[in-house]
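>>> Any chance you can model this:
(chains A, B, C and D)
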There are 2 protein chains.
Amino acid sequence: MTTAADHHSKIKLLDAAVRIIRLKGYAATTLDDICQEAGVTKGSFFHHFKSKDELAVAAARHFSNCAEQYFALAPFHQNPDPVQRLLGYVDLRAKMLAGEVNEYTCLLGTLVQEAYATKPDIRAACDLGLSQHIDILTRDVEAAKQRYAPNAPWSAESVGCFIQSVLQGSFIFAKARHDPAIARNNLAHLRSYIEQLFRPAVQTG
Amino acid sequence: MTTAADHHSKIKLLDAAVRIIRLKGYAATTLDDICQEAGVTKGSFFHHFKSKDELAVAAARHFSNCAEQYFALAPFHQNPDPVQRLLGYVDLRAKMLAGEVNEYTCLLGTLVQEAYATKPDIRAACDLGLSQHIDILTRDVEAAKQRYAPNAPWSAESVGCFIQSVLQGSFIFAKARHDPAIARNNLAHLRSYIEQLFRPAVQTG
DNA sequence: GGTTTGAAACCGACTAGTAGGTATGGAGCT
DNA sequence: AGCTCCATACCTACTAGTCGGTTTCAAACC
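Numbering: from 1, shown residues only, chains lettered A, B, ... in the order given. Coordinates of the predicted model:
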């Protein structure tokens, strides 16, 4: 959640967790790793969190909140055309594919793979974060659909999910290859698919 | 690898590893889990594998080989039209989205998320398996491109990667929701994108 | 055919180290 | 005094890996 009331050390722990879990995975990340990265001790850790799993849930929320804030402030939101906003989102995601793999991948996608069958709380937190992000995308898809493709057979939500799925799949290949090249290609295909879904928009605007 | 010479117990261990790692993730899977599932003892395990990591590499190859064999025998390969073969592949993947989540997801995508930064051998094995699968898809994409879209700006390989990425992303959402519904939607979008890439094929065939 | 033999397969108790979690206490603030 | 925050030492369950020993089985020999 990371409200304003949250303590400095707690936020440092959450940031550390997000970084290391994305790098090593959840089970392979030890509390010592996280404490060291955060520069605090285990005493501090267990003061703020009851368990490792509780940290994971909090980290998922923290990551989700940070991401929402980041995208909410991005300039593409200013564009009056919803299709251009969607394309702007895809282009921003492509621009983010720089630096180390663990810096641009999604904590939620990583976490949920390890947690879905064994840690209901963590799975739910990941699901919530992913769904919230999809909801925001879906709003623009809905607006674009009403304007440019009102009778299309697909739902706005299904397009929002598709966009997120392509991103998540891209991250897997970035990890497998240690290279974001495939991810970039995927976003190019995704971009052209979105353009095609709202073809009148592309021709006129 | 699982050659014909491989012993019964070894194959049982590999099958067990594939099943449990897909369910719990690699780090959370213990050797005792695997041995119990396989119905063998630790002594037998370490007779066949030097370490847990070596098992993971072998399991990645085993999974990859089984998958290749499965798809190689699928009836959609008989279709003379390469576009129909691609659509047949997508339809088969959609049909496979039944039963428990860990039964239809991909071991390689799961494994590589935990291993990419810390276990070079496992990452390489996952990369190889994924790349081989993409190569087979790419052959049909290449044939389809030459026939229906010879001047298209995208490469056949990038389409093969895109197809796989959509699948991998779909698996993540199937895990997050404990439900393959999103995955099905994604494959519907993917299908219509492929149709659009080779539009003349769809109109004439 | 029966026996020997040797290697491959297998068993399971044991170990050393690790990682999540606890107990306790102290510094600083209200 | 009491609360928050944090540090240190410690505990214990667990897990990858070990190791001496047993079983299996087939080829080689008598």
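>>> May I have the residues that are in contact with A:Asp33?
The neighbourhood of A:Asp33, defined by CB atoms under 8 Å, 6 or more residues apart in numbering or on different chains, consists of A:20, A:24. For every residue, glycine as well, the C-beta is placed using N, CA and C.
>>> What's the separation between it and A:Arg177?
In this structure, A:Asp33 lies at 25 Å from A:Arg177, with CB to CB, to the nearest Å as the measure.
>>> Count the neighbours of A:Ile172 for me.
A count of neighbours around A:Ile172, defined by other CB atoms under 10 Å in any protein chain shown, yields 31.
>>> Would you check that it makes contact with B:Ser170?
No. Here A:Ile172 does not reach B:Ser170: they are 11.1 Å apart, not a contact under CB atoms under 8 Å.
>>> just for chain A, where's the confidence low?
For chain A, the stretches flagged by pLDDT under 70 are A:1-6, A:200-205.
>>> do that again at 50, thanks
With pLDDT under 50 as the threshold, chain A has low-confidence stretches at A:1-5, A:201-205.
>>> quick one, phi/psi of A:Phe198?
With angles defined as degrees, to the nearest 10, A:Phe198 sits at phi -120, psi 50.
>>> Look at it and say how many residues are nearby.
A:Phe198 is surrounded by 24 other residues when neighbours are defined as other CB under 10 Å.
>>> B:Glu37 versus that one, what's the distance?
Counting by CB to CB, the gap from A:Phe198 to B:Glu37 is 49 Å.
>>> Can you name the residues of chain A sitting close to DNA strand D?
Applying the criterion CB under 7 Å from any atom of the strand, the portion of chain A that neighbours DNA strand D consists of A:7-10, A:40-44, A:47-48.
>>> Next, report how far the longest helix belonging to chain A is displaced from the centre of its chain.
Within chain A, and with DSSP state H defining each element, the longest helix by residue count is helix A:120-148. Averaging C-alpha positions (CA atoms, centre = their mean, to the nearest Å) puts helix A:120-148 11 Å from its chain's average.
>>> and what of stretch A:69-76?
On the basis of CA atoms, centre = their mean, stretch A:69-76 is displaced by 13 Å from the centre of the chain it belongs to.
>>> try stretch A:10-21
From the chain centre to the centre of stretch A:10-21 is a distance of 16 Å (CA atoms, centre = their mean).
>>> repeat for stretch A:8-28
Centroid displacement of stretch A:8-28 relative to its chain, using CA atoms, centre = their mean, is 15 Å.
>>> In space, not sequence, find me the middle residue of chain A.
By CA atoms, centre = their mean, the mean C-alpha position of chain A lies nearest to A:Cys106, the distance being 4.7 Å.
>>> That one contacts A:Ser170, correct?
No. Applying CB under 8 Å as the test, A:Cys106 and A:Ser170 come out as separate, 10.0 Å apart.
>>> picking up where we left off before, what would the residues of chain A next to DNA strand D look like in a markdown table with distance to A:Ile21 and neighbour count?
As requested, those are exported to a markdown table (distance: CB to CB, whole Å; neighbours: other CB atoms under 10 Å in any protein chain shown):
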| residue | distance to A:Ile21 | neighbour count |
| --- | --- | --- |
| A:His7 | 21 | 11 |
| A:His8 | 20 | 8 |
| A:Ser9 | 18 | 17 |
| A:Lys10 | 16 | 22 |
| A:Val40 | 17 | 19 |
| A:Thr41 | 20 | 13 |
| A:Lys42 | 17 | 11 |
| A:Gly43 | 21 | 8 |
| A:Ser44 | 18 | 17 |
| A:His47 | 20 | 12 |
| A:His48 | 16 | 18 |
